[in-house]
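> task: produce atomic coordinates for the following.
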Amino acid sequence: MNLKLLKTLITNVSVALILSSCGGDTDSNEDLADTRVYKQNSPYSNVIASCTRAIEETSSCALETLPVLGMDFNDPGIPQIMDRVVVSHDWMGERFEELLYEMPPQMLSLFKGITAIVIDADIRPAYYTVNTGAIYLDPAFLWLSVEEKRTINPKADYRADFDDPLAFRHLQRYVKNGEPAYQWLSLTDNSSREMEDIVLLVARLLFHELAHANDFIPPDSYDNLDPSNTVSAAVRNTSKRWLSSQLTDQTPLTSETMFSLAEVMYSGGTPSIDDLEITASEAGRAFKPDGAGDDYGYTSQFEDLAMLFETSMMKYFFDADYELAFTSVPENSDFCDDYLIGWGVRNRLGDASVKDRARFTAEKILPNEDFSDFFDNLEPPTEISGDWCMPEVNPQFDQQKPRKYIVDHLDMFRPYL
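The predicted structure follows:
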């Protein structure tokens, strides 16, 4: 298929998806009947739960009923953000508030682009939708105790098996001090976590979903929003100003191979014969020259921007390096040393083409932050080889963990965002 036609098709489908439920199942909101406002004294307590259940634009609330936070506050604090929280279980709101105090203060301004934060036991995956202007968070990111996670629906992400027909896997994780920055633990066992175990995990989630909101409603747009409009109408009226559109116009992604593979891996498309024959090393060679921060960015211009922002903010605020690899597909194995790397990289942000695009997203979404030194001083990326345990790159990790460490504990599959 012609590259221009393919990109147009993927973008049009993605726009339709984002206008209904970005990154999520189109029926997700049907499971939100049990949600309620977390703070009963919220100024929007009478409308916020119903407004965040809007499945179609025709049922969406106008901004004069539920405005984005930036229309009410130039500098919102945690109390103002918590006024916009909707939950299915009280512990979710309590945990979210605790986590906000653990986040960089600069993150708070990112909430100005949303109407609400919804945390419900049935949400998987997390998503943002312009139908409501809210972000919808999977509580699997938030639990600490066994009792808390027993309240969460353990259903699988509906996209989890999309890449099964392919001859490679895409693995990723954040690395800090030579080890994975966090672990993705099961919802069905008896494991528990401490607050320090989830801070970076939740930070990643928030940077990603809030990037979507700020893409459509940038920080300089609040004064120009018509209160009589819905969020989706306001977004549609400013399509030329979407940050992802600006990024794509300036420095578009160009790999026809990666666009085709992303359609299979993340949108459930039927793989072509060529797709089925691509090896891990060939996928890496197709990905390497382009300016994407992650192959998820090839699903749409919106995910392209969100992944660039997420990975750069995780490095900027937490010094957590993003590490990704295209690997073989072992038969009947859950162990990291059976996943052989065809091509992999740590700190792809240091690549010149990726760096310039990431700098654009960071400066547009957080215009009051000076990122000059950060991007100027990024070290070049390091290619990785061997297996997904990677003792060559992570000697400390190899000494501290068993060689056959189960892949799921290494965040093999993205908790999809």
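> quick check: E148 is in a helix.
Yes. Assessed with DSSP: H, G, I helix; E, B strand; the rest coil, E148 lies in a helix.
> secondary structure element for the closest residue to it other than its chain neighbours?
Take E148 and drop its neighbours on the chain: the residue closest to it by C-beta to C-beta, 6 or more residues apart in numbering is W91, 5.3 Å away. Glycine gets a C-beta too; all of them are placed from N, C-alpha and C. Assigned by DSSP states H and E, W91 falls within helix 90-100.
> the helix or strand that that helix is followed by packs against which elements?
Per DSSP H and E, the first helix or strand lying C-terminal to helix 90-100 is strand 116-119. In terms of contacts (3 or more C-beta pairs under 8 Å, 6 or more residues apart in numbering; DSSP states H and E), strand 116-119 is packed against strand 85-87, helix 90-100, strand 134-137.
> what pairs with strand 116-119, parallel or antiparallel?
Sheet pairing of strand 116-119 (DSSP bridges) gives strand 85-87 (parallel), strand 134-137 (parallel).
> what residues does that strand touch?
Under the contact criterion C-beta atoms under 8 Å, 6 or more residues apart in numbering, strand 116-119 has outside partners 32, 35, 48, 51-52, 66, 81, 84-88, 92-93, 96, 111, 132-137, 139, 142.
> most tightly surrounded among the strands paired with strand 116-119?
Of all these, strand 134-137 has the most neighbours on average by mean count of other C-beta atoms under 10 Å, namely a mean of 27.
> off-centre distance for that strand?
11 Å (C-alpha atoms, centre = their mean, to the nearest Å).
> any idea how far D275 is from P330?
Separation of P330 from D275 (C-beta to C-beta, to the nearest Å): 20 Å.
> do the same with T299
Counting by C-beta to C-beta, the gap from T299 to D275 is 15 Å.
> which of those two has more residues huddled nearby?
A count of neighbours by other C-beta atoms under 10 Å puts T299 above the other of T299 and D275, at 22 against 19.
> quick check on that one: phi, psi?
Main-chain torsions, T299, degrees, to the nearest 10: phi -70, psi -30.
> could you dump the strands paired with strand 116-119 into JSON lines and include mean pLDDT and distance to E56?
Output for the strands paired with strand 116-119, formatted as JSON lines (pLDDT from 0 to 100; distance: least, C-beta to C-beta, whole Å):
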{"stretch": "strand 85-87", "mean pLDDT": "98", "distance to E56": "19"}
{"stretch": "strand 134-137", "mean pLDDT": "97", "distance to E56": "15"}
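> the inter-axis angle of the single longest helix found in the chain versus helix 90-100?
Using DSSP state H, we find that the single longest helix of the chain is helix 195-216. Angle of helix 195-216 versus helix 90-100, following axes from the mean of the first three to the mean of the last three C-alpha atoms, to 10 degrees, is 80 degrees.
> which positions in helix 195-216 come out as buried?
Within helix 195-216, the residues that count as buried by 16 or more other C-beta atoms under 10 Å are 198-216.
> for this protein, which spans come out with low pLDDT?
Low-confidence segments of the chain (pLDDT under 70): 1-30, 390-417.
> run the last query once more with 80
Where the chain drops to pLDDT under 80, the residues are 1-30, 238, 240, 332-334, 390-417.
> can you give me the strands in this structure?
For the chain, the strands defined by DSSP state E cover 36-37, 85-87, 116-119, 127-129, 134-137, 169-176, 179-180, 321-327, 341-346, 382-384.
> right, and these - which one's nearest A233?
Distance to A233, taken as C-beta to C-beta, is lowest for strand 127-129 among those, at 13.7 Å.
> flag every buried residue along the closest one.
For strand 127-129, the neighbour count (16+ other C-beta under 10 Å) marks 127-129 as buried.
> looking at those residues, which one is closest to A283?
Y127 (26.1 Å).
> distance check, the closest one against T188.
Distance, Y127 to T188, using C-beta to C-beta: 23 Å.
> which residue packs closest to D220, ignoring adjacent ones?
Excluding the flanking residues, the one nearest D220 by C-beta to C-beta, 6+ apart is P367, at 7.5 Å.
> so what's the backbone phi/psi at that neighbour?
Dihedral pair for P367: phi -70, psi -20, per degrees, to the nearest 10.
> returning to that earlier point: okay, the strands of the chain in a markdown table with distance to S239 next?
Shown next, in a markdown table, are the strands of the chain (distance: least, C-beta to C-beta, whole Å):
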| stretch | distance to S239 |
| --- | --- |
| strand 36-37 | 32 |
| strand 85-87 | 28 |
| strand 116-119 | 23 |
| strand 127-129 | 16 |
| strand 134-137 | 20 |
| strand 169-176 | 30 |
| strand 179-180 | 39 |
| strand 321-327 | 29 |
| strand 341-346 | 33 |
| strand 382-384 | 38 |
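> before we move on, back to that, and which of the buried residues of strand 127-129 is nearest Y158?
Set against Y158, the nearest of the buried residues of strand 127-129 by C-beta to C-beta is Y127 (11.8 Å).
> thought that closest one was touching Y136?
Yes. Using C-beta atoms under 8 Å, Y127 is in contact with Y136, at 5.2 Å.
> all helices of the stretch 251-400 of the chain, in order?
Using DSSP state H, counting those that start in this stretch, the helices of the stretch 251-400 of the chain run over 256-267, 273-277, 280-287, 301-318, 352-365, 372-376, 395-400.
> so which of the ones you listed gets nearest M103?
Closest to M103 of the helices of the stretch 251-400 of the chain is helix 301-318 (C-beta to C-beta; 8.3 Å).
> which strands or helices does that closest one pack on?
The contact analysis (3+ C-beta pairs under 8 Å, 6+ apart) places helix 301-318 against helix 3-21, helix 195-216, helix 243-250, strand 321-327, helix 352-365.
> go again with 10 Å.
When contacts are defined as 3 or more C-beta pairs under 10 Å, 6 or more residues apart in numbering; DSSP states H and E, helix 301-318 sits against helix 3-21, strand 169-176, helix 195-216, helix 243-250, strand 321-327, helix 352-365, helix 372-376.
> and the shortest one, C-alpha only, in PDB?
The C-alpha atoms that make up helix 372-376 are tabulated as PDB, following Å, rounded to 0.1, in the frame of the first residue of the first chain:
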ATOM      1  CA  SER A 372      17.600  23.400  27.100                       C
ATOM      2  CA  ASP A 373      20.200  21.800  29.300                       C
ATOM      3  CA  PHE A 374      18.300  18.500  29.600                       C
ATOM      4  CA  PHE A 375      18.100  17.900  25.800                       C
ATOM      5  CA  ASP A 376      21.500  19.400  25.000                       C
END
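> list the helices and strands that helix packs on?
Secondary elements touching helix 372-376 (3+ C-beta pairs under 10 Å, 6+ apart): helix 301-318, helix 352-365.
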